[in-house]
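Undergrad: The following comprises the amino acid sequence and a computationally predicted model.
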Amino acid sequence: MFVGPQLIGQLGARTWMRVELNPGWHALRCRTSDAVNPTSIVLAAGDIRFVQVAPASGQLDCSIGEAPTEFGRNSVLQGSRAFQRQ
């Protein structure tokens, strides 16, 4: 998982990371050995957003996109925190 050019960590099954970012536009991407898939979000001051990263169905790449708040909160409660590089 990358925010801009910075690798922030690797996600496994049922894991999550928390990243604090300044307000503004941010490029996010997931990467596998065969693909890089980007998305972006725009944050306002005080925003809390959830982004889901998942393997693409039957392929060796990943998908990344914003997740609904309730889904994100439930996923955090059911998962465990991944190691982050910061």
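TA: Arrived safely, thanks for sending.
Undergrad: got a list of what Gln78 touches?
TA: Arg14 (C-beta atoms under 8 Å, 6 or more residues apart in numbering). (Glycine included, C-beta is placed from N, CA and C.)
Undergrad: confidence score at it?
TA: On pLDDT, Gln78 comes in at 95.
Undergrad: Relative to Thr39, how far out is it?
TA: Separation of Gln78 from Thr39 (C-beta to C-beta, to the nearest Å): 23 Å.
Undergrad: next one: Gly79
TA: Distance from Gly79 to Thr39, by C-beta to C-beta: 20 Å.
Undergrad: Quick one: low-confidence residue ranges for the chain.
TA: 33-35, 56-60, 86 (pLDDT under 70).
Undergrad: Spatially nearest residue to the spatially most central residue of the chain (excluding sequence neighbours)?
TA: Nearest to the mean C-alpha position of the chain, counting by C-alpha atoms, centre = their mean, stands Val51 at 4.5 Å. In this structure, Val51 finds its nearest non-sequential neighbour in Glu66, 5.7 Å apart by C-beta to C-beta, 6 or more residues apart in numbering.
Undergrad: now the strands: where do they sit in this protein?
TA: Per DSSP state E, the chain carries strands over the ranges 2-3, 6-7, 15-16, 24-31, 36-43, 50-55, 62-67, 80-81.
Undergrad: So for Arg73, which of those sits nearest?
TA: Nearest of those to Arg73, taken as C-beta to C-beta: strand 50-55 at 7.4 Å.
Undergrad: Return the list of strands paired to the closest one, each annotated with direction.
TA: strand 62-67 (antiparallel) (DSSP bridges).
Undergrad: From the chain's centroid, how far away is the partner strand?
TA: 7 Å (C-alpha atoms, centre = their mean, to the nearest Å).
Undergrad: before we move on, what about stretch 71-78?
TA: With C-alpha atoms, centre = their mean, you get 13 Å for stretch 71-78.
Undergrad: residues of that stretch that come out buried?
TA: Residues of stretch 71-78 classed as buried under the neighbour-count rule (16 or more other C-beta atoms under 10 Å) are Gly72.
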